[in-house]
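Visitor: how would this look folded up:
(one chain, ligands or ions: 3)
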Amino acid sequence: VIRCRAAVAWAMGKPLSVEEVEVAPPKAGEVRIKIVAAGICRTDEHLLEGCFPYADFPVIPGHEGAGIVESVGEGVTSVKPGDKVIPLCVPQCGECSFCLNPESNHCLKSHFSEPQNLLPDKTSRFTCKGKMIHHFLWVSTFAEYTVIPEYAVAKIDAAAPLDKVCLLGCAFSTGYGAAINTAKVKPGSTCAIFGLGGVGLSAVMGCKAAGASRIIAIDINKDKFAKAKELGATDCINPRDFKKPVEEVITEMTGHGVDYSFEVIGHADTVNAALASCNMNTGVCVMVGELPSGSVLSINPMLLLSGRTWKGTLLGGWKVRDCMPKLVSSYLEKKFNLDLLITHTLPITKVNEGFELLRAGK
Ligand code: NAD
Ligand code: ZN
Ligand code: ZN
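Guide: Ligands and ions are numbered 1, 2, ... in the order given. Okay, here's the model as predicted:
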């Protein structure tokens with residue numbers, strides 16, 4: 001058993017508490033990882049607010065991170081102690097019918113198939129002050145050590161800087177992949193991205209890498225525009241600067257609407273606006289943002305009847321275990337610059353300050 005620090009959410013709506021926790025050794029098929037760096041994603045905030053579809057407290061949040069294998073359980077063959085790895089919040093068992101389908105990046109053995117915040121055997125490896133603590137998405141990267149099933153771990157290049165590539169665990173891969181894999185943005189096309197957080201800015205990077213000629217970035221926080229432009233946005237608009245709905249503004253800017261739109265916020269009204277912003281016939285709208293659990297969307301059916309395509313994405317459509325090492329190599333080859341997405345670096349003791357910065361739009 002390892003004793004280390006972790007940020008524990010004891011109850012919904014309460015700040016995290018940095019505690020000493022016990023992390024049990026990995027069981028068969030599991031890997032214990034020393035987490036070196038983690039990122040904060042809005043999905044962690046959804047969990048703390050109780051808006052995530054399944055939230056069991058107390059829990060150690062965090063699902064974006066990178067680390068080094070400390071020990072492995074019986075039968076683990078793909079990684080060994082000392083390997084650099086990225087934990088995967090969407091696993092890839094490689095055997096189920098979804099994993100065998102080249103079009104799918106979902107795995108039937110994931111925690112989504114049977115929503116729960118424990119490991120696959122329905123037990124936890126974490127305790128604190130005599131209480132069992134839940135895992136989050138099998139990853140729990142806000143702990144100095146965490147235990148994860150082998151099929152939710154990707155071995156990466158030993159040269160990778162973990163404080164940068166941790167962003168591949170969720171934000172970057174999701175936004176970039178939403179453009180490249182889910183929308184399949186074509187060269188010369190027009191794109192609109194609603195929401196310029198870590199995920200939305202990564203979608204801007206994906207559209208640019210795919211050769212889009214016009215990338216319209218939309219946010220109500222104009223402080224996000226400079227970074228969006230640096231990453232490839234050609235136009236930045238704040239919906240609050242206009243009297244008419246933003247979808248009308250975008251339709252006028254582009255003639256008939258963009259070829260691809262992305263909702264990367266998680267609000268019903270911006271989902272509708274993003275859908276209406278892509279062209280009525282061949283437009284593709286990708287829903288990336290996560291709406292509060294239990295939400296129901298109402299849309300004008302004509303938006304789809306006229307031919308539009310409306311899609312969702314899970315972690316940007318990558319078959320994660322196969323693709324993560326390749327994404328790390330692409331980063332090392334400077335095909336994209338993750339460093340530009342990093343705004344602040346804090347020690348684990350200041351995790352609540354990190355959430356305050358996220359809430360403040362910083
Ligand atoms: P974030 O909070 O950092 O960014 C959201 C941005 O949207 C902010 O810049 C905010 O100012 C802007 N915004 C808020 N309301 C707006 C409005 N009405 N109009 C325009 N802009 C508005 O969040 P993030 O970490 O980038 O995550 C974005 C969303 O993606 C979240 O809902 C998150 O849960 C979801 N997500 C989904 C997946 C997936 O696999 N599909 C993966 C990661 C994150
Ligand atoms: Zn995330
Ligand atoms: Zn599978």
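Visitor: buried sites along the worst-scoring helix or strand of the chain on mean pLDDT?
Guide: Within the chain, judged by mean pLDDT, DSSP states H and E, the helix or strand with the poorest mean is helix 42-49; its value is a mean of 93. By 16 or more other Cβ atoms under 10 Å, the buried positions in helix 42-49 come out as 42-44, 46-48. C-beta coordinates here come from the backbone N, C-alpha and C atoms, glycine included.
Visitor: by proximity to ligand 2, which residue of the stretch 51-200 of the chain wins?
Guide: Cys170 (3.3 Å; Cβ to the ion).
Visitor: tally of neighbours for that residue?
Guide: Other residues lying near Cys170 total 32 when counted by other Cβ atoms under 10 Å.
Visitor: distance check, the residue lying closest to it once chain neighbours are set aside against ligand 3.
Guide: Nearest residue to Cys170, sequence neighbours excluded (Cβ to Cβ, 6 or more residues apart in numbering): Glu64, at 3.9 Å. Shown here: Glu64 relative to ligand 3, a distance of 21 Å by Cβ to the ion, to the nearest Å.
Visitor: surely Glu64 meets Leu162?
Guide: No - in this structure, Glu64 is not within contact of Leu162 by Cβ atoms under 8 Å, at 11.8 Å.
Visitor: so who does the closest residue to ligand 1 within the stretch 251-362 of the chain touch?
Guide: For the stretch 251-362 of the chain, the residue closest to ligand 1 is Gly266, as judged by Cβ to the nearest ligand atom, at 3.0 Å. Residues counted as contacts of Gly266 (Cβ atoms under 8 Å, 6 or more residues apart in numbering) are 42, 46, 195, 289-292.
Visitor: in terms of neighbours, single out the busier of Glu64 and Leu162.
Guide: When neighbours are counted by other Cβ under 10 Å, Glu64 and Leu162 differ, and Glu64 comes out ahead with 28 against 19.
Visitor: quick one, what contacts the more buried one?
Guide: Residues in contact with Glu64 (Cβ under 8 Å, 6+ apart) are 38-41, 89, 141, 166-167, 169-171.
Visitor: got a winner among those residues for most neighbours?
Guide: Of these, Thr141 is surrounded by the most neighbours, 34 neighbours in total, counting by other Cβ under 10 Å.
Visitor: which residue, other than its chain neighbours, is closest to that residue?
Guide: In space, and not counting its chain neighbours, Thr141 is closest to Gly65: 3.0 Å by Cβ to Cβ, 6+ apart.
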